[in-house]
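# could you work out the structure for the sequence below:
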Amino acid sequence: MISPDGVFMVTCFIGVGLLVALTLFYYQSPRNKKVPKEIKRDELDCNSIISFLKISGSSKDDLYFLVDIFLKDYSQLNPTPQQVKDFLKAVCLHRHTNAQIILRTQETLSELNPTLKSQLNKIVEIRAGII
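Numbers count the residues shown, from 1 in each chain. Got it, this is the predicted structure:
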């Protein structure tokens, strides 16, 4: 039988090991990644723009920069309808977003994709809590 001191030591080792594992997991998770300081327009595609918007460490400047790239280079990026919807969702859910940028993005995307207009409106309505 193990003495009470032995049980305490085993419990401490397990606790410290668990703490180390959780710390490693936390610092390697995608939500703690930062948007690269030097983003080159030529290297961005639709998926990378959307993934950069989803990073919790992205700033307000990153949001405006990425939205600007997506909308100005729309014809070169040639996004699929699903990527357009995912982009608008990412803009709506960004922690530094505001009504002005959401509505400007929605209007521009609706002009570029008239067939998606109702779906884009629904995304913004859900974000605003209207429905």
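# so what secondary structure elements neighbour the helix or strand harbouring Arg104?
Assigned by DSSP states H and E, Arg104 belongs to helix 99-112. Applying 3 or more C-beta pairs under 8 Å, 6 or more residues apart in numbering; DSSP states H and E, we find helix 99-112 packed against helix 60-72, helix 81-93, helix 117-128. Using the backbone N, CA and C atoms, a C-beta is placed for each residue, glycine as well.
# what does the first one rub up against?
If I follow you right, that is helix 60-72. Contacts to helix 60-72, defined as C-beta atoms under 8 Å, 6 or more residues apart in numbering, come from residues 35, 39, 41, 44, 46, 49, 52-53, 58, 77, 79, 87, 91, 94, 96-97, 101, 105, 108-109.
# check the last one too.
Helix 117-128 is touched from outside by 84-85, 88-89, 92-93, 102-103, 106, 109-110, 113, 131, with contacts defined as C-beta under 8 Å, 6+ apart.
# where does this protein have low pLDDT?
1, 27-42, 130-131 (pLDDT under 70).
# domain assignment for it?
According to automatic domain parsing, the chain comprises the domains 1-32, 35-128.
# which of the ones you listed is buried the deepest?
Most buried of the domains of the chain, by mean neighbour count (mean count of other C-beta atoms under 10 Å): domain 35-128, with a mean of 15.
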